[in-house]
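**Student:** A predicted structure for the sequence below; I have some questions about it.
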Amino acid sequence: MAKLKLDFSQNKLFENQKTRKTSFLICFFLLLWYIISFFYYEQEELLPAKNEENNTESLIAIPITLPPANTTVNTINDTDNNKNPLQELNKKYCGRSICKFLFVYTHGEQETKANLHFRSFSQLAEKLNRIMILANVGLSRIGSCENFPFDFYYNTNLLQKEFPNIIFKSEEEFIFWLKERDQIKKIMNSKDNEVIPPLSILHSDIKRFGRTPLKTIYKDARPNFNKNRCLLKFEPLMKLTDSNNSQVRYTKMDIGRNDLNTVKSRTEFSKLLVNVLTTDEEILLVNSYIGRPLFPEIMPVIPYNDYILNEAQKIKDKLSSSYIGIHWRLERSEPKLLPKCVQGLIETLNIIMKKEGIKNIYLATDYPLLSSRSQSSTFRQITQYHHDAIRTLNETFKINTWVSLGGLEQIRKDGKHDKEFIGPGIQGILDKLVCMNSNYFISGPKGCSRFVSSFTKAIAEERSNMINLENNHDLLNIIDRWEL
């Protein structure tokens with residue numbers, strides 16, 4: 001009986017071992033089949049079809065319209081380890097795997113010179129193969145401190161035609177790129193430290209004023225965050241004071257006093273400029289004040305937005321398409337001379353109106369028209385002499401201005417642009433366009449006005465082009481100065 005029990009136990013143990021061995025073999029073969037099948041199909045997916053083996057994806061560097069800055073950022077899918085998420089973002093945004101920007105966030109001077117500055121830096125963007133950021137505009141300036149997008153003043157489609165090889169992006173689109181890059185960085189760096197590095201930035205002050213050196217000097221500089229208040233809107237996405245967010249190198253360039261005076265000197269200077277600013281940093285931030293073109297070729301004026309051109313045409317039509325344009329910039333005038341100045345202007349107007357048969361007068365001025373503040377940010381000391389001179393002129397003739405003729409009325413009524421019209425602003429562009437198309441154009445002599453004015457010069461140059469190149473017979477002169 002004991003032996004029977006023992007034999008029964010041994011048989012049971014043998015059967016259990018046989019069952020486990022069979023199960024193990026079944027599992028092993030099933031696992032082996034799964035691995036072979038997975039590898040086979042995965043290889044089929046990864047290998048290109050025969051007719052696609054030699055295909056390569058070409059990247060086209062053209063502007064890409066993106067959602068505004070307040071658009072919800074897409075969730076980044078990082079499950080595909082074969083793709084670099086940052087490179088994919090850059091391809092989507094810039095048309096290439098690395099984005100490099102030129103962001104001139106301050107253009108010194110008011111609109112006429114700022115317009116020239118922007119064109120020069122667009123030429124630099126092309127030489128450096130960088131995307132040019134369209135800084136905001138407002139109060140007759142171009143800069144990140146202003147409140148309105150670039151196309152509030154300018155026609156970006158025509159700008160693109162003038163610079164076909166440059167990708168332009170608005171400040172909002174730049175913020176969009178910063179947001180997505182920041183999201184990618186947070187996701188990737190949470191798994192492995194420094195997979196996506198901080199923003200790499202070169203910040204440079206490029207200036208030509210004050211104690212200008214004989215020759216251009218370019219050197220390292222100390223950080224000065226007080227000057228960078230226009231960049232605060234980009235925090236925390238781009239924070240210059242946080243090395244974990246932005247690794248910044250600071251430089252400054254003091255342009256030599258004669259280095260921008262001639263075509264030859266600008267040719268040599270532009271080579272130096274391109275050389276020192278050819279760098280690997282993603283973002284080139286520039287705080288500029290130059291006053292002259294940077295390159296030998298001076299590009300045409302940035303075209304203004306169509307609605308401003310339409311406003312200028314409306315004013316011209318209201319003046320019966322026949323009028324004398326006056327630019328009287330009272331800043332830098334000698335107040336005690338103003339009684340003689342206004343009499344000289346009145347005599348000149350009488351002569352022109354009698355000789356040419358013109359009855360209408362349009363006045364572009366920095367004298368206050370909507371408030372007690374002047375139409376120029378640099379004209380602050382308005383005296384009784386100024387008030388008396390304008391009153392005398394207005395009592396002698398019917399003087400038309402952009403205000404009296406209802407210029408930009410729709411924008412003035414919306415309440416969003418009130419600050420734009422009290423002081424320098426978009427109305428300066430309108431004045432410029434109206435004076436360019438006047439039948440006769442005059443401006444003030446020394447002592448009566450700011451004689452050296454880039455605004456007056458721009459009007460005269462455009463009138464010269466219209467007469468000489470376009471053979472415009474409606475324009476009777478380029479510019480005259482009235483006498484005391």
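**Tutor:** Cool, got the structure.
**Student:** CA only for contacts and neighbour counts going forward, please
**Tutor:** OK.
**Student:** Please enumerate the strands of the stretch 251-400 of the chain.
**Tutor:** Ranges of strands in the stretch 251-400 of the chain, per DSSP state E, counting those that start in this stretch, are 283-289, 323-328, 360-365, 399-400.
**Student:** tell me the most buried of those?
**Tutor:** strand 323-328 (a mean of 23; mean count of other Cα atoms under 10 Å).
**Student:** what about that one, distance to the chain center?
**Tutor:** 32 Å (Cα atoms, centre = their mean, to the nearest Å).
**Student:** which helices and strands sit right next to that strand?
**Tutor:** When contacts are defined as 3 or more Cα pairs under 8 Å, 6 or more residues apart in numbering; DSSP states H and E, strand 323-328 sits against strand 360-365, helix 426-436, strand 440-443.
**Student:** what residue is smack in the middle of this protein?
**Tutor:** Geometric centre of the chain, nearest residue: Leu134, 1.9 Å, by Cα atoms, centre = their mean.
**Student:** circling back: please name whichever of the helices and strands packed on strand 323-328 is nearest to Gln110.
**Tutor:** helix 426-436 (9.6 Å; Cα to Cα).
**Student:** Looking at the closest one now, give me its mean pLDDT.
**Tutor:** Helix 426-436 shows an average pLDDT of 97 in the prediction.
**Student:** Give me the angle between it and strand 323-328.
**Tutor:** Counting by axes from the mean of the first three to the mean of the last three Cα atoms, to 10 degrees, helix 426-436 points 130 degrees away from the direction of strand 323-328.
**Student:** got JSON lines for the strands of the stretch 251-400 of the chain, with mean pLDDT and distance to Asp242 too?
**Tutor:** Listed next are the strands of the stretch 251-400 of the chain as JSON lines, based on pLDDT from 0 to 100; distance: least, Cα to Cα, whole Å:
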{"stretch": "strand 283-289", "mean pLDDT": "96", "distance to Asp242": "16"}
{"stretch": "strand 323-328", "mean pLDDT": "98", "distance to Asp242": "49"}
{"stretch": "strand 360-365", "mean pLDDT": "97", "distance to Asp242": "46"}
{"stretch": "strand 399-400", "mean pLDDT": "98", "distance to Asp242": "54"}
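**Student:** Of the ones you listed, which is nearest Pro213?
**Tutor:** strand 283-289 (14.8 Å).
**Student:** Can you list the strands that that closest one pairs with?
**Tutor:** Here strand 283-289 is paired, per DSSP bridges, with strand 101-107 (parallel), strand 199-207 (parallel).
**Student:** out of those, deepest packed?
**Tutor:** strand 101-107 (a mean of 25).
**Student:** Check the gap between the closest residue to Phe168 other than its chain neighbours and Ser120 for me.
**Tutor:** Counting by Cα to Cα, 6 or more residues apart in numbering, Phe168 lies nearest to Met132, which is 4.9 Å off, once chain neighbours are set aside. Met132 is 11 Å from Ser120, where distance means Cα to Cα, to the nearest Å.
**Student:** So between these two, which is more surrounded?
**Tutor:** Met132 (24 against 21; other Cα atoms under 10 Å).
**Student:** who's in contact with that one?
**Tutor:** Phe101, Leu102, Phe103, Ser122, Ala125, Ile166, Ile167, Phe168, Lys169 (Cα atoms under 8 Å, 6 or more residues apart in numbering).
**Student:** Correct me if wrong: the third one contacts Ile283.
**Tutor:** In other words, Phe103. Yes. Counting by Cα atoms under 8 Å, Phe103 does reach Ile283; the two are 7.3 Å apart.
**Student:** quick one: pLDDT of the nearest residue in space to the residue nearest to the centre of the chain that is not next to it in sequence?
**Tutor:** Spatial nearest neighbour of Leu134, excluding adjacent residues (Cα to Cα, 6+ apart): Ser170 at 4.7 Å. Note on Ser170: pLDDT of 97.
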